[in-house]
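In: can't give you the sequence, but here's the structure:
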């Protein structure tokens, strides 16, 4: 309290009194009684079932994958979608899902602004509980990867965590020699 009072005294002594700011009166007739025109609603943005023939896009964070992932879904965390836009198809619809449908709604809306045919799955991951990845290769499963050729280059032995299964391959997240997270693809039977 005393410090605040001292600051005011010093401020007035050095700068002078503060100017008084009064609001400017609006001219008459500027405001109307007409209701504002609402933005055009996007009624068909949220769907209850995935759109037929669409790419499934999971926008949850990697730590959430342990609860299950839809089969053949593309996993891109919400914050990374703008950076991975080139991976998304422009020739078919995209059904975006997350844990409860909130993040997916925002991502689907943004994708539509970018010219893509995107929809948000309202129920979120709960829709896919029966179609989740089998327990043996669930995202989050820890693996020991041997050293050897991986993606056309030599890679040292490492411990990693499964991100996703794509057909007969697993996408695994490991730390490289410098401590950065990198992705390695290995055969599912390895």
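Out: On my side now, so go ahead. Here the structure is a predicted model, which means the values were calculated and not measured.

In: ranges for the helices of the chain?
Out: With DSSP state H as the criterion, the chain has helices at 2-15, 102-113.

In: residue 139 - how many residues pack around it?
Out: Residue 139 has 25 neighbours, counted by other C-beta atoms under 10 Å. All C-beta spots, glycine's among them, are computed from the backbone N, C-alpha and C.

In: what's the closest non-adjacent residue to it?
Out: Leaving aside its sequence neighbours, residue 139 sits nearest to residue 65 (C-beta to C-beta, 6 or more residues apart in numbering; 3.2 Å).

In: contacts only, for the nearest residue to residue 161 once chain neighbours are set aside.
Out: Excluding the flanking residues, the one nearest residue 161 by C-beta to C-beta, 6+ apart is residue 173, at 5.1 Å. By C-beta atoms under 8 Å, 6 or more residues apart in numbering, the residues touching residue 173 are 62, 160, 161, 162, 163, 181, 182, 183.

In: can you tell me how far residue 154 is from residue 147?
Out: As judged by C-beta to C-beta, to the nearest Å, residue 154 and residue 147 stand 7 Å apart.

In: equivalent analysis for residue 105, please.
Out: For residue 105, the distance to residue 147 (C-beta to C-beta) stands at 44 Å.
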